[in-house]
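K.L.:
Kindly generate the corresponding structure for this input.
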Amino acid sequence: METVFSTVSHTTYRSLYLNVFRNHLLEYSLHPVGNYVVQHFMRNLEDSVLKEQVVGELVNTIEDILAVGHFGVVDALTAVTIGLSEIYQKKVVNSLLKAFHLQESSKFKYTVPCVLRLLTFEMYSSEDGSTETTTYFGASILMNAFKLQQNAVEPLIQSLLTMEPDEILALCKDPHGSFVMEAFLTSRIDLPRKKKIYKRVKNQLARLAMDKYGSRVLEAIWASADIAFKEFIADSLLGEEQQISSNMYGKIVMKKCNIDFYKRKKTAWLEKQEANQKKQELFKDILEETPDSSDSKLVQNKRKRAETPLADEIDKLFTSKRKTRNSAVSQRSTSQNPKIKEEDLALREELSSVDPFALDMKLTIKNIKKKNKKLKREKPSKKFIMS
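P.N.:
Just a heads-up that it's a prediction; the model follows:
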């Protein structure tokens, strides 16, 4: 089934949903094996109508699915929501908050830590809750969430912005948390919100640059920052150039930020950054194409392919080629031998409806027999007679 999802047409995919999955998604999601099938089914969805139906069927069951430990289903569900309207996105985010017992606005600040560790508010608030390790699926769910519209993920944004500088630093240096921070910094969330994160890490830039995971977050900050903060980053890194350059990850950061060029020609470096920023703004509309529009194009293209099945296309192709070949053979034979016998024409008409290759073979054999008879009647040349 998992292989079928990536190969079938749009029409067949819809039939699978109507005949197999509709009204059974929760049942399969709770099954120890069936939940993997549901995950692949959702990850291969392209039709926005089907996405809305799937989200509508599972949105209120997230807590039940998390309770049995099938986190991949929730991850796939949040990924499906990316291309939908804000109404569906808000429903999924609210259902997530409810599943982790964070519905009240006073608990929003715990959203990112709880989801990242896949712990409810009560479990996280216990003595050992905050020391629990982060999880892959928790990070993936948050990464998908930060691809939604800003209004839909307001509780998650508030959770990040209320963290202390030390907590932000720990999140940036965490194997899973660093991906969450990258997703936030590269999202479509407005720049003033991101600047609040910049301020919390501005005194820790050297530590980030020399960390395996923190260096990736610093690169994301660099990519999303304005020229003023990029200049601040360059000054901070240049202040600890020797220490950072001796670090394996620090070298990469120094090269990507072009600190050596900044050190030698600051004015030219600033002009280059301004030119790059203008290019980004110029192509902003193209780079930030909405998921809805790209999804609709995929669906339309797939729908067009589905309207003409592949088997029919192949049959039409061979039929047209067969007709073309038959006419070509007929014209060639007639032009080469205007006095073609009536029996050859009858044979051609009989075989043309079956196979053009059989026609060629039959006529070729007949011509060879005629040539052999002609050769037998001719006397051999003296030149080849043995003495």
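
K.L.:
Show the residue spans covered by the helices in the stretch 51-200 of the chain.
P.N.:
Per DSSP state H, counting those that start in this stretch, the stretch 51-200 of the chain carries helices over the ranges 62-67, 71-80, 86-99, 111-117, 121-125, 136-145, 154-161, 165-172, 177-185, 191-201.

K.L.:
Mind splitting this structure into its structural domains?
P.N.:
2-238, 322-378 (automatic domain parsing).

K.L.:
okay if I get those domains as a markdown table plus mean neighbour count?
P.N.:
Using the backbone N, CA and C atoms, a C-beta is placed for each residue, glycine as well. A markdown table is the format used below for those (neighbours: other Cβ atoms under 10 Å):
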| stretch | mean neighbour count |
| --- | --- |
| domain 2-238 | 18 |
| domain 322-378 | 12 |
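
K.L.:
about what we covered before: could I get the helices of the stretch 51-200 of the chain in TSV, plus columns for mean pLDDT and distance to Ser29?
P.N.:
Output for those, formatted as TSV (pLDDT from 0 to 100; distance: least, Cβ to Cβ, whole Å):
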stretch	mean pLDDT	distance to Ser29
helix 62-67	94	5
helix 71-80	95	5
helix 86-99	94	13
helix 111-117	94	19
helix 121-125	90	22
helix 136-145	95	14
helix 154-161	93	23
helix 165-172	93	30
helix 177-185	94	24
helix 191-201	90	34
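
K.L.:
Redo those as CSV? Include distance to Lys212.
P.N.:
Shown next, in CSV, are the helices of the stretch 51-200 of the chain (distance: least, Cβ to Cβ, whole Å):
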stretch, distance to Lys212
helix 62-67, 30
helix 71-80, 24
helix 86-99, 29
helix 111-117, 18
helix 121-125, 26
helix 136-145, 16
helix 154-161, 21
helix 165-172, 11
helix 177-185, 9
helix 191-201, 16
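
K.L.:
The domains of the chain: lowest mean pLDDT?
P.N.:
Among these, domain 322-378 has the lowest mean pLDDT, at a mean of 55.

K.L.:
before we move on, the earlier item: of the domains of the chain, which is nearest Lys265?
P.N.:
With Cβ to Cβ as the criterion, Lys265 lies closest to domain 2-238 of the domains of the chain, at 12.1 Å.

K.L.:
Phi, psi for Ile189 please.
P.N.:
Main-chain dihedrals, Ile189, degrees, to the nearest 10: phi -60, psi 140.

K.L.:
any idea how far it lies from Ser224?
P.N.:
9 Å (Cβ to Cβ, to the nearest Å).

K.L.:
same check, this time on Lys51
P.N.:
In terms of Cβ to Cβ, Lys51 sits 28 Å off from Ser224.

K.L.:
Neighbours of Leu282, how many?
P.N.:
Here the count is done by other Cβ atoms under 10 Å, and Leu282 has 10 residues near it.

K.L.:
and the helix or strand hosting Tyr262, what does it pack onto?
P.N.:
Using DSSP states H and E, the element containing Tyr262 is helix 259-264. The contact analysis (3 or more Cβ pairs under 8 Å, 6 or more residues apart in numbering; DSSP states H and E) places helix 259-264 against helix 227-239, helix 266-282.

K.L.:
List the contacts of the last one.
P.N.:
In this structure, residues lying in contact with helix 266-282 by Cβ atoms under 8 Å, 6 or more residues apart in numbering are Asp226, Ile227, Lys230, Glu231, Ala234, Asn258, Phe261, Tyr262, Leu287.

K.L.:
what comes up buried for that helix?
P.N.:
Trp269, Gln273 (16 or more other Cβ atoms under 10 Å).

K.L.:
so for that helix, what's the average pLDDT?
P.N.:
Computed over helix 266-282, the average pLDDT equals 81.

K.L.:
and the residue lying closest to His40 once chain neighbours are set aside, what does it touch?
P.N.:
Take His40 and drop its neighbours on the chain: the residue closest to it by Cβ to Cβ, 6 or more residues apart in numbering is Glu2, 4.3 Å away. By Cβ under 8 Å, 6+ apart, Glu2 lies in contact with Tyr36, Val37, His40.
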